[in-house]
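Enquirer: I would like to see how this sequence folds:
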Amino acid sequence: MAKTATLAEILQQKGISLEQRYGGEPPADMVDREVQKEPTPRAKKLRDLYYQTLSSANMEFPYWYTRTYADNIHDVPIIRRAKALKAAYSHLTPMIFPGEKLVMGKTHYYRGSFPMPWLSEGYYMAKGDELYEDAKQRGSTSADELVKWGQGGGNVVKSFGKVVSLAGKFGIRQEEVPALLKTARWWVGKSVEDESAKYEALVPGYAFKTALMRSVICMFESGFTLPQGREVTNYYYPLQYGLDGLIRMCEEKAGEVAGEAGGDLVSGMDRLYFYQAAKLVLEGIQTWILNYAKEARRLASVTEEPVQKKEYEEIAEVLEHIAHKPPETFRQALQMQYTIHIGVLNEDAISGLSPGRIGQVLYPYFEQDIEAGRITEEEVLELLECHRVKFTCIDVFASAGVVGGVLSGNTFNNVSLGGLTKDGLPAANRLEMLILEAGITCACPQPTLSILYDEKLPEEFLLKAIECVKTGTGYPAWMNNRVGMEFMLNQYGAEGMTPEEARAWAIGGCLESSPGSWKPLTLRGKTYWIPGGSGTPTSVGVHFLALPKILECVLFNGKDMRTGEQVFEPHNREIDSYETLVEIFKDYFEKAVDVLNKCNNIQHDIWRKNNMAIWHSILKPDCLDRGLHIGNGGYRFMATYNVETCGTANFINSLAAIKKLVFDDKKYTLEQMKDAILNNFGFKTAEEIGSYSLLQQEKREGGQVYDDIHGDCLMAPKMGNDDPYVDSILKAYEEYVCEVTHKYESLYARPLYVCQISVSTHAPQGAATLATADGRLAGTTYADGSMSPYPGTDVNGPYAVFNSATVWNHAESQNSQLNMKVHPTAVKGLEGARKLLDLTRAYMRKGGFHIQYNIVDSRVLRQAQENPEEHRDLMVRVAGFTQYWVEIGKAIQDEVIARTEYERV
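Expert: Presented below is the predicted three-dimensional model:
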């Protein structure tokens with residue numbers, strides 16, 4: 001049988017090209033990364049161990065949490081939760097691996113996590129189980145069915161031997177499965193998912209909400225999947241006061257507020273319970289740290305090798321110190337920062353808990369240790385490399401739709417560098433230069449790095465960041481500091497945000513702008529103002545609305561033509577103009593946001609009443625001062641919930657194609673366009689051929705009848721080419737969405753805002769979407785990000801992309817996202833580095849918020865897709881984060897390969 005022609009071959013025969021390169025042809029020979037350095041032997045050994053490790057889950061934390069929670073049924077809810085958390089932290093088995101200088105982890109596995117059935121228990125059950133079927137009916141598992149996991153690396157995609165695969169990602173020992181099922185069963189009817197489902201059902205339009213979930217118009221729900229995260233934590237209180245000091249503070253504060261309402265009839269009396277709960281959790285954290293110290297002492301006692309014995313003793317000394325006192329040295333402070341971070345991650349299911357601007361937070365210890373000769377820069381670099389490996393080992397346990405379809409296995413621990421100080425001076429420092437160097441020498445996905453670009457930042461620092469980009473790891477990403485500050489003032493001005501505090505912002509998660517504040521850290525009599533997170537989760541709200549899928553429903557009178565389900569109420573209108581089309585889209589979009597937001601508010605209300613953050617609340621201003629946890633409004637900035645969107649480029653391009661071909665040129669009727677979409681322009685589906693890249697799609701027999709309309713759709717105006725026709729549509733949409741999302745209110749009675757990123761949702765949501773009017777075919781992946789052009793359609797160069805992307809004010813949105821793929825030869829040497837910096841500056845100066853680069857020869861990616869076992873350490877930038885190529889699903893791999901490659905910048 002003759003091979004079916006691909007779209008690329010068909011277009012070539014017709015003289016039509018969707019070029020995937022700009023600026024010329026690449027060199028004949030495949031080109032590797034220009035910048036390649038090796039980590040220190042210690043870090044290399046630890047990173048190599050990671051490469052050999054599978055993602056593992058165990059039941060230790062959930063067992064002790066559930067057992068203690070069940071035993072304290074009569075306690076006040078926050079005390080009951082605090083006792084459960086204390087028991088769980090206290091019973092974690094310590095595990096220290098040879099060569100480690102930074103220790104502790106989520107579990108005793110090197111790369112491990114654990115389920116939290118008190119949030120959601122349904123997806124642990126086998127398909128066919130009544131709990132699974134109930135979750136499926138609510139739409140909770142719909143995204144799971146469309147996720148394509150990467151088959152290599154640490155993913156346990158299938159069960160083997162005595163290891164059972166969970167959520168398509170984690171392996172759990174067979175003997176622990178009964179404990180998992182028993183624990184999960186105990187939470188049936190009590191979990192956040194089950195409790196909230198009872199009350200969501202009372203929301204008018206709840207059936208509509210479940211249909212939105214089943215259609216994957218909405219990717220997932222946050223109240224019981226990832227109720228915290230995409231925010232910046234704050235390390236100030238433990239660094240300044242130590243754990244003993246914080247316990248004393250809780251005791252004193254409890255005495256002050258006991259029996260006092262403090263003028264607050266709702267939560268005033270709750271302050272006493274919060275301080276008591278905080279004390280319990282602090283004691284649990286202390287025990288956890290000291291258990292590791294005991295293990296280090298034990299290992300030292302049985303180790304004869306002198307160097308390793310001394311290292312165990314040093315670990316014990318560091319842990320014994322930070323278990324009680326504020327850190328005094330850089331190593332102690334770094335260990336405390338990491339411990340605090342892991343402690344928060346164990347408290348709740350979280351992705352995107354960002355360390356924030358730790359190069360500035362930890363600088364006091366670095367500066368004083370260097371000046372006193374207590375440490376050298378070489379020793380600091382080794383510690384920072386070890387820090388990177390420890391963060392790369394962090395996993396989050398959630399459903400396949402979340403861990404795979406959104407996160408691609410990453411957890412988005414983002415370190416922000418640069419920006420401005422409290423006084424408006426450039427904040428980059430020598431420690432941040434070493435953090436960049438560690439990102440070069442010890443290349444691994446986490447923590448990812450972000451530059452808060454400001455015109456005041458020194459050239460040396462910016463060129464160091466460019467050197468790091470040229471490793472091909474995809475980090476650091478570049479954020480516009482001025483745009484970020486303007487967004488802070490816009491969104492949080494009503495809560496008291498000032499220009500000074502706006503300078504303390506950082507990136508939470510992959511790209512989410514997160515509010516911060518300054519705190520005075522005193523070390524050996526010298527005071528430093530350090531930044532830290534001061535807001536609630538910055539990406540908790542309506543999760544990833546698929547814009548092209550909503551437009552599909554508009555065209556087909558509210559029906560999801562993939563499943564046949566009537567999702568939206570039929571509009572029953574004749575779409576006789578472009579204006580009518582847009583009007584119906586806005587109506588559907590707003591109805592979706594309205595019902596999803598109401599249900600999300602209920603989920604988070606149940607979460608805050610039963611699963612309140614205690615350890616995290618201790619850390620954030622102003623909970624300890626006010627005696628209020630996050631659920632009672634204790635955080636300084638509460639207006640952080642958002643409406644996330646996906647598929648912007650395909651949506652805008654589809655509107656442009658319909659406007660031009662149907663309403664302006666009248667070349668086709670809308671019925672002809674709908675027929676072509678419904679029949680996938682005569683092609684097989686992506687699922688049928690196993691490729692998710694547009695150009696590799698294959699023609700179906702007899703499909704030639706749609707060649708003309710498909711060709712015209714492909715050649716219709718596309719975003720990213722400095723074309724006023726399509727850019728005016730983008731501008732109108734952005735002005736609408738940035739404004740309309742403010743009319744919705746979170747459970748904290750604050751206005752929502754729009755968040756415009758894709759993470760990895762552009763793969764499963766693309767899989768759920770028919771062909772689109774821009775020529776994209778059924779099941780293929782959307783364009784990534786929000787300002788990224790659809791692969792192969794940006795034909796006028798990077799500056800044309802910039803002009804298109806900045807036709808609207810980026811400060812009106814929490815973020816925007818622009819990915820570019822550049823061939824290594826285009827930025828080779830110092831001259832190439834300066835060109836890349838100039839390119840970045842140009843976008844920032846035009847008002848762009850974010851840009852990030854894959855510096856890679858596309859042929860390397862194709863080779864790695866064919867021979868993954870030879871490319872275990874290859875990393876790429878996906879959409880706001882970096883991940884190992886072998887752990888990314890094929891749909892995302894195909895999309896990254898297909899992106900336009902710039903041979904000249």
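Enquirer: tell me which residues in stretch 790-797 are buried?
Expert: 790-795, 797 (16 or more other CB atoms under 10 Å). Where C-beta positions appear, they are placed from N, C-alpha and C, glycine not excepted.
Enquirer: Kindly report the same for stretch 722-742.
Expert: Neighbour-count burial for stretch 722-742 flags 722-723, 726-727, 729-731, 733-734, 737-738, 740-742 (criterion: 16+ other CB under 10 Å).
Enquirer: Name the residues that touch that stretch?
Expert: Contacts with stretch 722-742, where a contact means CB atoms under 8 Å, 6 or more residues apart in numbering, come from 586, 589-590, 593, 642-643, 645, 648, 651-653, 655-656, 659-660, 717-719, 751-754, 796, 799-800, 803-804, 807-809, 812-813.
Enquirer: mind running it again at 6 Å?
Expert: Defining contact as CB atoms under 6 Å, 6 or more residues apart in numbering, one finds that stretch 722-742 is touched by 643, 652, 655-656, 717, 719, 751-754, 796, 800, 803-804, 807-808, 812-813.
Enquirer: Only the buried subset of these, as a PyMOL command please.
Expert: Selecting only the buried entries of those in PyMOL, with 16+ other CB under 10 Å as the criterion:
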select buried, resi 643+652+655+656+717+719+752+753+754+800+803+804+807+808+812+813
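Enquirer: can you tell me which of the contacts of stretch 722-742 are in strands?
Expert: Among the contacts of stretch 722-742, the ones falling in strands (DSSP state E) are 643, 753-754.
Enquirer: ok, of those, which one's closest to residue 577?
Expert: Taking CB to CB as the measure, residue 577 lies nearest residue 754 of these, at 26.1 Å.
Enquirer: ok, that closest one to residue 739 distance?
Expert: 9 Å (CB to CB, to the nearest Å).
Enquirer: just to revisit the earlier point, from the contacts of stretch 722-742, which ones fall inside helices?
Expert: Among these, the members found in helices (DSSP state H) are 652, 655-656, 800, 803-804.
Enquirer: between the ones in strands among the contacts of stretch 722-742, which is closest to residue 279?
Expert: residue 753 (35.9 Å).
Enquirer: Provide a list of residues in contact with the closest one.
Expert: Contacts of residue 753 by CB under 6 Å, 6+ apart are 491, 642, 741, 814.
Enquirer: partners of it in the sheet?
Expert: When bridges are called by DSSP bridges, residue 753 pairs up with residue 642.
Enquirer: Let me see the confidence value for it.
Expert: The model reports residue 753 with a pLDDT of 98.
Enquirer: What separation do you get for it and residue 226?
Expert: 18 Å.
Enquirer: how about the buried residues of stretch 790-797 in CSV, adding distance to residue 895 and secondary structure?
Expert: CSV is the format used below for the buried residues of stretch 790-797 (distance: CB to CB, whole Å; DSSP: H, G, I helix; E, B strand; the rest coil):
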residue, distance to residue 895, secondary structure
790, 10, coil
791, 7, coil
792, 11, coil
793, 13, coil
794, 14, coil
795, 18, coil
797, 21, coil
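Enquirer: element containing residue 507, please.
Expert: strand 506-508 (DSSP states H and E).
Enquirer: Pull up the pairing partners for that strand, direction included.
Expert: strand 512-514 (antiparallel).
Enquirer: returning to what we had before: save the ones in strands among the contacts of stretch 722-742 as CSV, and put in distance to residue 45 too.
Expert: As requested, those are exported to CSV (distance: CB to CB, whole Å):
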residue, distance to residue 45
643, 45
753, 45
754, 45
